[in-house]
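Engineer: Kindly return the folded structure for what I paste below:
(chains A and B)
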Amino acid sequence: MANSTPPLRGKQAVLAEMSSHPAVRALVLWKPEALTDAKFEYGELTLTVAAAEIRAACVALQAAGYNFFEDMTAVDWFPQSPRFQLSYHLLSHAFKERIRLRVLLDEGEPGTQPGVDSIVPVWAGANFFEREVFDLFGIGFHGHPDLRRIMMPDDWQGHPLRKDYPVEGYR
Amino acid sequence: MRSNPSSPVLERPTSLPSTEETAPRQMVLNMGPQHPATHGVLRLVVELDGEIITSVRPEIGYLHTGIEKTCEAKFYQQVVPLTDRINYLDPLSNNLCYCLAVEKLLDLEIPERAQWIRVLLTELSRLNSHLIWLGTHAMDIGALTVFLYTFREREEILRLFEAVAGQRMMTSYFRIGGLAMEPPRGWFERVAAFIKSFPEKIDEYSNLLTGNPIFYNRLKGVGPLSAADAIALGVTGPPLRASGVDIDLRRDMPYSGYEKFKFHVPTSTDGDTWARYEVRMIELRESTKIVEQALAGMPGGPVKADAPKVVLPDREKMKTQMESLIHHFKIVTEGFNVPAGEVYQGIECGHGQVGYYVVSDGTAKPWRIHMRYPSFATLQAVETMAKGRLIADLVAVIGTIDIVLGEIDR
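Structural biologist: As a prediction, this is how the structure comes out:
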């Protein structure tokens, strides 16, 4: 499948070319400074928002027609900084289109846990997805109703999907 | 326990209520992880007030094998066999979703014949998935016979898979860039013969169940789910459509040439277990129609993309041409580099929406692969569907979401 649309990289390029896109318009009307980066690649729109604003951004996008929370996960860019990226995939049943929201997170001081606001108050279905990221990446979600490990046993040490965790595990 | 009136030491002051009145009426029941109705290793912690369910807490992870971590240590082409094992009842949908995601990153043009065979096989795979759902769901309810009927047809589908892929369940038949090989001679005729007789078989299942008053009463009104709840909880596929949300990615965001096929997307507004049964029964017929169209319009041509650095050469070429041998050796030993970037590919499998999120750092191994599987999200709706209902209905609710633990735990 050849991608017909040329890619756009950077906030300025996306704002200039795609200002009529419902998601871009909704975020610009809501809080333009919260949108820190944007790109349009492989026919997919990625919007990066400030970590503190993720829940409010989801509320704004939900109101703009992105009514369905489809997926959420993390990427560990170790040893780069900021280390963690959270990717939220939202689907619009009305526009038949999907967007990706992205949040970048620093690892923080040793002994502390990076974290963002939970979006469970916006979409209850994010519950298990956030628990999975908490379990496998060690990222906290403020305001999550039931933040426990989901895949690994409760007394497990470490977070297996982090890049500094060996594939065979610790023996 | 009532105190013994003949013993003054045990006599309670009358002002205090007896234990019978104050004792909590709640009972905590542990269902699973080994339970025939959970279709795998699902554990449900159920709180009961008599026979009424007050809360259901799913505990998962008993089948967690860390497939997402394993993927990061494999070449892109080596991930295909891992995807089979996630949703082992609909293996070709997994293969398809993964291949489409990587092909999007590689910007590969897939030959039309490969796309059509992919559609044909994915629909057979959907039939396979729905047949297992129907058989096991009816068995959970107590209608044991249907299971034997649906597995008779499933066996034929598995034989068709075996003929193209050499494997009944772990097919790995779709590869990055097309198919593993051309289907064997006579295979399309076998599919045609099977699909011609299949509508009668659906009538047969329907005769056993649809008019059956016990089956009807066990499903009607059980496990209600409103459209708003379904959307909030991330429910997809037949349960979402049975709640009145008309969304099917095959029609609404077509992939692999689905836009060329005509089919009807069944919906219902009842949102109960019976509606989900009806929606899936119609989907069986619609999938049959798609397979018929694919057979009728099957284009000719190659089944692999023209990308020698990505797609393994034919056996014959590898043995006779130096260049093909080099490509073969390079792909097998070093893999192929995929341009840096991130893509998300969503498809509609038998249970609902599957999504593969592939992040590449430009090397031959994926930096991160995340799979969104429908059962994982739909499991969250069990409490909404079962709360305030009888414990006996819980089995129907688990069956109706068409759960596969392999895709929940991954």
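
Engineer: can we go C-alpha only for contacts and neighbour counts from here?
Structural biologist: OK.

Engineer: Contact partners for the closest residue to B:Thr273 other than its chain neighbours?
Structural biologist: Nearest residue to B:Thr273, sequence neighbours excluded (CA to CA, 6 or more residues apart in numbering or on different chains): B:Leu219, at 5.2 Å. The contact partners of B:Leu219, by CA atoms under 8 Å, 6 or more residues apart in numbering or on different chains, come to B:272-274, B:396.

Engineer: May I ask which helix or strand encompasses the residue nearest the centre of chain A?
Structural biologist: The residue lying closest to the centre of chain A (CA atoms, centre = their mean) is A:Ser87, at 2.8 Å. Following DSSP states H and E, one finds A:Ser87 within strand A:84-92.

Engineer: before we move on, back to that, can you list the contacts of B:Leu219 in CSV and add pLDDT, neighbour count and secondary structure?
Structural biologist: Compiled in CSV, those are given as follows (pLDDT from 0 to 100; neighbours: other CA atoms under 10 Å in any protein chain shown; DSSP: H, G, I helix; E, B strand; the rest coil):
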residue, pLDDT, neighbour count, secondary structure
B:Asp272, 89, 23, coil
B:Thr273, 90, 28, helix
B:Trp274, 91, 24, helix
B:Ala396, 87, 22, helix
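
Engineer: where does the chain dip in pLDDT?
Structural biologist: If you meant another chain, say so; for now it's chain A. Residue ranges of chain A with pLDDT under 70: A:1-4, A:171.

Engineer: um, chain B though
Structural biologist: B:1-24.

Engineer: for chain A, what are the nearby residues on it?
Structural biologist: Neighbours of chain A within chain B, by CA under 8 Å from any CA of the partner chain: B:59-62, B:64, B:68-70, B:73, B:103-105, B:107-110, B:231-234, B:247, B:252-253, B:343-344, B:355, B:368, B:370, B:372, B:376-377, B:380, B:409.

Engineer: Give me the distance between stretch A:138-146 and the centre of its chain.
Structural biologist: Mean-position distance between stretch A:138-146 and its chain equals 14 Å (CA atoms, centre = their mean, to the nearest Å).

Engineer: now swap in stretch A:77-92 and tell me
Structural biologist: On CA atoms, centre = their mean, the centre of stretch A:77-92 falls 6 Å from that of its chain.

Engineer: Can you point out the buried residues in that stretch?
Structural biologist: A:77, A:83-92 (16 or more other CA atoms under 10 Å in any protein chain shown).

Engineer: mind checking the end-to-end distance for it?
Structural biologist: Terminal residues of stretch A:77-92 are spaced 29 Å apart (CA to CA, to the nearest Å).

Engineer: Need the residues that contact that stretch.
Structural biologist: Contacts of stretch A:77-92 (CA under 8 Å, 6+ apart): A:65-76, A:97-107, A:163-164.

Engineer: Give me the buried entries from the residues you listed.
Structural biologist: A:65-76, A:98-105, A:107, A:163.

Engineer: Next, the distance between the ends of stretch A:32-50.
Structural biologist: Termini of stretch A:32-50 sit 11 Å apart (CA to CA).

Engineer: again, but for stretch A:120-129
Structural biologist: Counting by CA to CA, the terminal residues of stretch A:120-129 are separated by 10 Å.

Engineer: Point to the residue nearest the middle of chain B.
Structural biologist: Short answer for chain B (CA atoms, centre = their mean): B:His351, at 4.0 Å.

Engineer: How about that one: what's its closest non-neighbour residue?
Structural biologist: B:Gly237 (5.6 Å).

Engineer: so where's the longest helix in chain B?
Structural biologist: Using DSSP state H to define each element, chain B has its longest helix at helix B:112-141.

Engineer: what sits up against whatever helix or strand comes next after it?
Structural biologist: Next along the chain after helix B:112-141, taking DSSP H and E as the criterion, comes helix B:145-165. Here helix B:145-165 makes contact (CA under 8 Å, 6+ apart) with B:124-125, B:127-128, B:131-132, B:134-136, B:138-139, B:167-169, B:171-173, B:180-184, B:187, B:190-191, B:194, B:205, B:208.

Engineer: C-terminal to helix B:145-165, which secondary structure element comes first?
Structural biologist: Immediately after helix B:145-165, counting by DSSP H and E, sits strand B:174-175.

Engineer: who does that following strand pair up with?
Structural biologist: Using DSSP bridges, strand B:174-175 pairs in its sheet with strand B:178-179 (antiparallel).
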